[in-house]
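Chemist: Quick one: sequence and predicted model below, then my questions.
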Amino acid sequence: MKEIKAIIKAYDEIDRAKVRAALATVVRVEGSSYRRAGARMLIMDDGNWIGGISGGCLEGDALIKARSSILRSEATCVTYDTTEDDPYQIGVGLGCNGIIDVLITPLDTNDANNPVEILRKSVQGNRKTNILLTVTAASGNWKEMKPGKSIFYNSEESLDLIEDEMLKEQLAEKIQETFKNQKSTNEHFELRDKKEISIFVEILFPELHLVLMGHQYDIYPLTRIAKEIGWQVTIVSNPLKINPAVSAISDKILKHDQFNTIDFDDHTAVILMAHDYKTDKLNLKKTLATNCVYIGMLGPKNRAEKIFSEISQEGVSVTEEELQNIYAPAGLDIGALTPEEIALSLVSEIRAVFSKRQGGSLRLRKSTIHERNNA
């Protein structure tokens, strides 16, 4: 999400009288790759770009391809194959051993529905999980559904511009599968009258929302790291006790009595870090009343167990299901000592939890780093 917002910002700052641009999007990955499907870069014909589609090895060639696509005013899908031992193949020798399809789409700044404008609709104004549809290839007689066409899907009415009823029906089924599986996919459809089309069905999650309940100095490195990776940060405490440096980079500062105004969705994590026993106990009671899937508590395990016991005696029982969502002590076991290292430990655990990973060393992982599929 951070990359998408940076692309939108850069797009808005383009001098449109002098510079033309294209959007490059990774729409399919087969095998290993530094970036996954959905990675993007905004490419300007003056040689500048924002974002990335690889670890730096493909961006230069993508610039050349983008300039050509801009001149032709035509979207093109480029395949980079790093599995072949070919000295003339871009990316060879990198050890990626993957095949990457990159769709490069020239941007018409006069088109209110160009791909960047569709991205804008997908990320602004809500914390919903959205679906974005992008045509990557098409053959046959198509009026609207041409390579580079993007659709922001928010209901079946979003598919009304599709002139083929069979495609509309099949695509609606794939969208429902994508919502269910929570994974982007690249789908190919063979239809009547020798018409074929490939569509990248992309799921766009909102950024993680980190709610920090406390005001001590260790809030600052945690907020800084979270913002650097593109998360939202809300701090719940007495605003007068919050360091101005923290206030300057956080998204919201809320008073304790404003806690119930927070939207606790499936992408929200809370860390209780008041460093005060009574305050953490009170805040745990509040948080248990939400649907938060990650509740982190600083301090030793026996401190947390004592809090559980006391709130149970006070009539607030902690169920087994709720215990699964409570991480006490919070953080990965990396030997963290300083506030900055502890912040790294906390952020890493939260990322692992929301990715449904264990947070262990990659060298001990028995399967591939990323699940292999057609996207």
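Modeler: That came through fine.
Chemist: So for stretch 142-156, what gets flagged as buried?
Modeler: Within stretch 142-156, the residues that qualify as buried are Trp142, Met145, Pro147, Gly148, Lys149, Ser150, Ile151, Phe152, Tyr153, counting by 16 or more other Cβ atoms under 10 Å. Using the backbone N, CA and C atoms, a C-beta is placed for each residue, glycine as well.
Chemist: Using PDB, list the CA coordinates for that stretch.
Modeler: C-alpha atoms of stretch 142-156 as PDB (Å, rounded to 0.1, in the frame of the first residue of the first chain):
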ATOM      1  CA  TRP A 142     -13.300  -6.400 -27.700                       C
ATOM      2  CA  LYS A 143     -14.600  -2.900 -27.300                       C
ATOM      3  CA  GLU A 144     -13.600  -2.000 -23.800                       C
ATOM      4  CA  MET A 145     -11.600  -5.000 -22.500                       C
ATOM      5  CA  LYS A 146      -8.300  -4.300 -24.000                       C
ATOM      6  CA  PRO A 147      -4.800  -4.800 -22.500                       C
ATOM      7  CA  GLY A 148      -4.200  -2.200 -19.800                       C
ATOM      8  CA  LYS A 149      -7.900  -1.700 -18.900                       C
ATOM      9  CA  SER A 150      -8.400  -1.600 -15.200                       C
ATOM     10  CA  ILE A 151     -11.700  -2.000 -13.200                       C
ATOM     11  CA  PHE A 152     -12.200  -1.300  -9.600                       C
ATOM     12  CA  TYR A 153     -14.600  -4.000  -8.400                       C
ATOM     13  CA  ASN A 154     -17.000  -3.200  -5.600                       C
ATOM     14  CA  SER A 155     -20.100  -5.000  -6.800                       C
ATOM     15  CA  GLU A 156     -21.300  -7.000  -9.700                       C
END
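Chemist: Which residue comes closest to Ile342 once chain neighbours are left out?
Modeler: Among residues not flanking Ile342 along the chain, Ala336 sits closest, at 4.5 Å (Cβ to Cβ, 6 or more residues apart in numbering).
Chemist: before we move on, what SS does the one you found have?
Modeler: coil (DSSP: H, G, I helix; E, B strand; the rest coil).
Chemist: distance of it from Leu282?
Modeler: Taking Cβ to Cβ, to the nearest Å as the measure, Ala336 and Leu282 are separated by 26 Å.
Chemist: now Asp45
Modeler: For Asp45, the distance to Leu282 (Cβ to Cβ) stands at 57 Å.
Chemist: count of neighbours near the residue nearest to Ile342?
Modeler: Residues lying near Ala336 (other Cβ atoms under 10 Å) number 16.
Chemist: out of the buried residues of stretch 142-156, what pair is the most spread apart?
Modeler: By the measure Cβ to Cβ, Trp142 and Phe152 form the most distant pair in those, at 19.1 Å.
Chemist: which sections of the stretch 251-375 of the chain are below the confidence cut-off?
Modeler: Within the stretch 251-375 of the chain, the segments meeting pLDDT under 70 span 366-375.
Chemist: now swap in the stretch 101-250 of the chain and tell me
Modeler: Judged by pLDDT under 70, the stretch 101-250 of the chain has its weakly predicted residues at 125.
Chemist: So which residues of it form helices?
Modeler: 115-123, 165-181, 219-228, 244-249 (DSSP state H, counting those that start in this stretch).
Chemist: Which of the ones you listed sits closest to Ile14?
Modeler: Nearest to Ile14 among these is helix 115-123; the distance by Cβ to Cβ comes to 9.9 Å.
Chemist: Can you spell out which helices and strands pack onto the closest one?
Modeler: Applying 3 or more Cβ pairs under 8 Å, 6 or more residues apart in numbering; DSSP states H and E, one finds that helix 115-123 makes contact with helix 2-12, strand 21-31, strand 130-139, strand 150-153.
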